[in-house]
Every structure is written in C-alpha cells, then in structure tokens.
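A.B. asks: Provide a 3D model corresponding to the input given below.
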Amino acid sequence: MYELFALGELRTGDKHGYMLQEVLKRIGTVRAISSGTLYPLLSRLTDEGSIHLRLEEETEGGRPKKIYSLTESGRERFAALMAKPLAHNAETALVFRIKMVYFRYVPKTVRLACLTQYLDYLRGQREYVSRFERQLIAAQPEPEIQRIQLLRTLDHRKHMGAADLDWVRAEIARVEASDPDEAQG
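C.D. replies: As a prediction, the model looks like this:
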C-alpha cells in the first residue's frame, strides 16, 4: 500500500520524504506513515531502481535535502500496482482510496477494473452485515440494550454501505461514458 502511494505521488512530480508524509495525511487516510516506515521504503525503491535520489543544497541543519523522482522502472511498477486486483481485507477501502487519487495516470480499463472490484467488495460487506444482523435477531443475545445498540450500529453500516454502493455505481457509469484516454497523464 505505501509503495503504491510513494510511486503514485512521485508520478505527480519530484518530492522529498517529508512532503510524502504530509501528502499521505491529506488524501483521507487515518493512518500516518512513520519515518521508520517511509525512509526504508524509499531506500528500497531507490536500490531497486524504481526511484532516483538526488541531493540538493544543504538545509538549515546542515544536511542536504533528499529529492526523490520516479524512474521508468518505477512508472512500470506503479502501473502494475494500479492494475493489481484489490484484495478483500481490512485495508481494501484504504488501498482503493489511494488508487483513486492516481486514476488519472492509468487507462480507463484499469480504472473500471478497480471500481468494479471495489463494488464487489462493498457488495460482500453488505451481505456480511445483513447476515450478521439476521443472526443477531434470531439469537437475541443478552443484554437487550447492547443487542439493540449493535443493531443500530449495523443499520448505520448498511446505510453507509448503500451510499458507497450508489457512489461507485455512478462513478462506473461516469468512467464508462468518458473518453478512453480522458485524464491520462
């Protein structure tokens, strides 16, 4: 996930590590990336040849500023990660949001595949919640007040899921109607 983010963000232009940390905060993630995760990732991507490290003038602390840029190999790796099917796990929604940020850099077919995969994920989540709700109603566990609140929580999840499903369906229709090369960079 962080590799996709780093390569995607460098796809938009050269950046230094601190800026990558700041951008990740702004794309709607609740998870911050620590320096202990980001810089080893950037080192690995540099060693693999996916990104290029350039040192610029010294900062106030006397250390040179490290600027990262995407290489052709990095562009290919980014495209492969964008085309990789979404896994259905705890990070699916986050990976989807990261991919959406960089849709402009991939073909329409990749955007549609990702949206369709996310639609399938949302449908699976809706079915899971509905099944759990039916089981809870049938079993009627105690205490009643907790069961009632849990049913309210499930109702909330169903409403949020319905809104997500509607949005993704509309986005699929919008992308399908768009020019095949629209918004590619």
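A.B. asks: for the helix or strand bottoming out on mean pLDDT in the chain, packing partners?
C.D. replies: When the helices and strands of the chain are scored by mean pLDDT, DSSP states H and E, helix 17-26 comes last with a mean of 80. Judged by 3 or more C-beta pairs under 8 Å, 6 or more residues apart in numbering; DSSP states H and E, helix 17-26 is in contact with helix 2-11, helix 35-48, strand 64-70. Quick note: C-beta positions are derived from backbone N, CA and C, even for glycine.
A.B. asks: mean confidence score for the last one?
C.D. replies: Per-residue pLDDT values over strand 64-70 give a mean of 91.
A.B. asks: what residues does it touch?
C.D. replies: 6-7, 10-11, 14-17, 20, 42, 46, 50-59, 78 (C-beta atoms under 8 Å, 6 or more residues apart in numbering).
A.B. asks: cool, the first one as well?
C.D. replies: Residues outside helix 2-11 that contact it (C-beta under 8 Å, 6+ apart) are 15, 20, 23-24, 27, 33, 37-38, 41-42, 45, 50-51, 68-70, 74-75, 77-78, 81-82, 95, 98-99, 101-102, 105, 185.
A.B. asks: mark which of those are buried, thanks.
C.D. replies: Listed as buried from the contacts of helix 2-11 are 15, 20, 23-24, 33, 38, 41-42, 45, 50-51, 68, 70, 74, 77-78, 81-82, 95, 98-99, 101-102, 105; burial here means 16 or more other C-beta atoms under 10 Å.
A.B. asks: give the rounded mean pLDDT of stretch 129-148.
C.D. replies: pLDDT averaged over stretch 129-148 gives 91.
A.B. asks: just the C-alpha atoms of it, please, in PDB.
C.D. replies: Extracted C-alpha coordinates of stretch 129-148, given in PDB (Å, rounded to 0.1, in the frame of the first residue of the first chain):
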ATOM      1  CA  VAL A 129     -23.600  -7.100   7.700                       C
ATOM      2  CA  SER A 130     -27.000  -8.400   6.600                       C
ATOM      3  CA  ARG A 131     -26.100 -12.000   7.600                       C
ATOM      4  CA  PHE A 132     -24.800 -10.800  10.900                       C
ATOM      5  CA  GLU A 133     -27.900  -8.800  11.500                       C
ATOM      6  CA  ARG A 134     -30.200 -11.800  10.800                       C
ATOM      7  CA  GLN A 135     -28.200 -14.000  13.100                       C
ATOM      8  CA  LEU A 136     -28.300 -11.300  15.900                       C
ATOM      9  CA  ILE A 137     -32.100 -11.000  15.500                       C
ATOM     10  CA  ALA A 138     -32.600 -14.800  15.600                       C
ATOM     11  CA  ALA A 139     -30.300 -15.400  18.600                       C
ATOM     12  CA  GLN A 140     -31.500 -12.400  20.600                       C
ATOM     13  CA  PRO A 141     -28.400 -12.300  22.900                       C
ATOM     14  CA  GLU A 142     -28.500 -10.500  26.200                       C
ATOM     15  CA  PRO A 143     -28.300  -7.900  27.400                       C
ATOM     16  CA  GLU A 144     -31.100  -6.400  25.300                       C
ATOM     17  CA  ILE A 145     -29.800  -2.900  25.400                       C
ATOM     18  CA  GLN A 146     -26.500  -4.000  24.000                       C
ATOM     19  CA  ARG A 147     -28.200  -6.000  21.200                       C
ATOM     20  CA  ILE A 148     -30.400  -3.000  20.300                       C
END
